[in-house]
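Colleague: I would like to see how this sequence folds:
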Amino acid sequence: MRIKSVDVIPLSIPFEDGSSGVGLMPRKWTALDVALVRIETDNGLVGWGDGFAYFCMSATVAVMRDMLAPQLVGREITDVAQLNRELQQQFHLQGRYGITTFGISGIDIALWDLVAKAKGVSLAEALGGRKRDSLPTYASLVRYGDPADVTKFTAKAVADGYETIKLHEIALDAIEAGRAAAPLPIKLVTDVNCNWPRASVDEMMAHMKRLGLYWVEEPVFPPDDEKALHALQTKYETSIASGENACTSVEFARTAPMIEFVQPSVTKVGGVTEFLKVCDVAEDVGGRVMPHSPYFGPGYWATVQLMAARPVCEMFEHYYVTPEAYIDPTIPLPKGGAISVPDRPGLGFEPDPEMLRRYAA
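Modeller: Below is the predicted model:
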């Protein structure tokens, strides 16, 4: 099976979340950017992937189109993990992590999609067998800032059947509003995204303990300062999560022994290949994997399949927004706080051509 072509398709899909769209990202956020990649083989199979693209789509597209694609056309697909490593080595001068790895992630996902399709099985089956048919799922809310909005949308997520809810709030009154709307035994989480000043972290962590948060995510900058994270987790007896912005298992080898939850993002970490290695690292040290997955393209589908194959992954993160459309309208969405795992070949993802035309960026 030889690679015939590699095409990169940038998409931008508007979404609604009930917020002002300001605060979580560098600029107002109202559209989901997708750096979609399509790899076709000489025997007619097509694999799909995407590299992380929120507010960096043109860069991720350029990496896949200009750097990686020329290295791939004509190559035989034999060992995807080895090819991944080869790409990392070839392009290490352009940066071991960040945008380069986002591009490699998209390529790797598409290649694994092809491997499973060639076998006629789902990706989970190709990775050693599907261990579960349904995945517990948590609602990942945007940052509202206004406690009244936090109350409204947290209560809505509870009514939808979610037993775990993630806020992206950084102000105490907003986090307290979330807890009021989601009282125990509902698990409540907040993702700080490194926004607390170091001088405020101890004070805020004491409140997080008081509120009984299930975990606190990225409470310091740099986000993977493993010694600082471990110290906070120990001192406040509150689990710490981190890793959504880390690339390759090398970075996770430092943090996994030090915190409760590691959070590989398949569109950032290096694709399926590196995600699997992170799972191995976590299992080796008795850690827990809580994948990062606030997206709706192939990375969403890949995360579902990976979690079905690797039980060390605990809950699927469902981004609690409403896109104007889904690239593949058959996307498995949560019902009652759980997602059913598709059993189609590969990722299960097959885009609607009309969606590709309508949302071309």
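
Colleague: pLDDT below threshold where in the stretch 51-200 of the chain?
Modeller: Residues of the stretch 51-200 of the chain meeting the criterion pLDDT under 70: none.

Colleague: mind listing the strands for it?
Modeller: Under the criterion DSSP state E, counting those that start in this stretch, the stretch 51-200 of the chain contains strands at 134-140, 164-167, 187-191.

Colleague: which parts of the longest one are buried?
Modeller: When burial is assessed from 16 or more other CB atoms under 10 Å, strand 134-140 yields the following buried residues: 135-140. In this view, the C-beta of every residue, glycine as well, is placed from N, C-alpha and C.

Colleague: Just name the closest of those residues to Phe296, please.
Modeller: Looking at those and their distance to Phe296, the nearest is Ser140, at 12.3 Å (CB to CB).

Colleague: Let me know whether the closest one touches Met315 as I believe.
Modeller: No. In terms of CB atoms under 8 Å, Ser140 does not count as a neighbour of Met315; the distance is 10.1 Å.

Colleague: Just send the strands of the stretch 51-200 of the chain back as JSON lines, with distance to Lys335 too.
Modeller: Below are the strands of the stretch 51-200 of the chain laid out as JSON lines (distance: least, CB to CB, whole Å):
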{"stretch": "strand 134-140", "distance to Lys335": "9"}
{"stretch": "strand 164-167", "distance to Lys335": "15"}
{"stretch": "strand 187-191", "distance to Lys335": "19"}
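
Colleague: how about these, which one is nearest Val278?
Modeller: strand 134-140 (17.5 Å).

Colleague: helices or strands next to that closest one in the packing?
Modeller: The contact analysis (3 or more CB pairs under 8 Å, 6 or more residues apart in numbering; DSSP states H and E) places strand 134-140 against strand 164-167, strand 187-191, helix 298-309, strand 316-319, strand 338-340.

Colleague: make it 10 Å
Modeller: helix 147-159, strand 164-167, strand 187-191, helix 298-309, strand 316-319, strand 338-340 (3 or more CB pairs under 10 Å, 6 or more residues apart in numbering; DSSP states H and E).

Colleague: Go through the ones you listed and name the closest to Val201.
Modeller: Evaluated with CB to CB, those place strand 187-191 nearest to Val201, the distance being 12.9 Å.

Colleague: now stretch 31-42: mean pLDDT?
Modeller: Averaged over stretch 31-42, pLDDT sits at 97.

Colleague: And that stretch, how far out from the chain middle?
Modeller: 16 Å (CA atoms, centre = their mean, to the nearest Å).

Colleague: Same check on stretch 50-70?
Modeller: 17 Å.

Colleague: Can you give me the neighbour number for the closest residue to Ala177 other than its chain neighbours?
Modeller: In space, and not counting its chain neighbours, Ala177 is closest to Pro147: 3.7 Å by CB to CB, 6 or more residues apart in numbering. A total of 19 residues lie near Pro147 under the criterion other CB atoms under 10 Å.

Colleague: What of the one 5 residues further on?
Modeller: Using other CB under 10 Å as the criterion, Lys152 is surrounded by 14 other residues.

Colleague: May I ask you to confirm that it is in contact with Tyr144?
Modeller: Yes. Counting by CB atoms under 10 Å, Lys152 touches Tyr144, with 8.3 Å between them.

Colleague: Against which helices or strands is the top strand by length along the chain packed?
Modeller: Ranked by number of residues, the top strand in the chain under DSSP state E is strand 3-16. If you count contacts as 3+ CB pairs under 10 Å, 6+ apart, strand 3-16 packs onto strand 31-41, strand 46-51, helix 57-62, helix 69-72, helix 99-119, strand 322-323, helix 353-358.

Colleague: tilt between the fifth one and helix 298-309?
Modeller: I take that to be helix 99-119. Going by axes from the mean of the first three to the mean of the last three CA atoms, to 10 degrees, helix 99-119 is angled at 60 degrees with respect to helix 298-309.

Colleague: pull the CA atoms of helix 99-119 into PDB?
Modeller: The C-alpha trace of helix 99-119 is given here as PDB (Å, rounded to 0.1, in the frame of the first residue of the first chain):
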ATOM      1  CA  ILE A  99       3.400  23.400  15.100                       C
ATOM      2  CA  THR A 100       5.800  20.800  13.600                       C
ATOM      3  CA  THR A 101       4.300  18.100  15.900                       C
ATOM      4  CA  PHE A 102       0.700  19.300  15.200                       C
ATOM      5  CA  GLY A 103       1.400  18.600  11.500                       C
ATOM      6  CA  ILE A 104       2.900  15.200  12.200                       C
ATOM      7  CA  SER A 105      -0.100  14.400  14.400                       C
ATOM      8  CA  GLY A 106      -2.500  14.900  11.500                       C
ATOM      9  CA  ILE A 107      -0.400  12.800   9.100                       C
ATOM     10  CA  ASP A 108      -0.100  10.000  11.700                       C
ATOM     11  CA  ILE A 109      -3.800   9.900  12.400                       C
ATOM     12  CA  ALA A 110      -4.600   9.600   8.700                       C
ATOM     13  CA  LEU A 111      -2.000   6.800   8.300                       C
ATOM     14  CA  TRP A 112      -3.500   4.800  11.200                       C
ATOM     15  CA  ASP A 113      -6.900   5.300   9.600                       C
ATOM     16  CA  LEU A 114      -5.500   3.700   6.500                       C
ATOM     17  CA  VAL A 115      -3.900   0.800   8.300                       C
ATOM     18  CA  ALA A 116      -7.200  -0.100  10.000                       C
ATOM     19  CA  LYS A 117      -9.200   0.300   6.800                       C
ATOM     20  CA  ALA A 118      -6.800  -2.000   4.900                       C
ATOM     21  CA  LYS A 119      -7.600  -4.600   7.500                       C
END
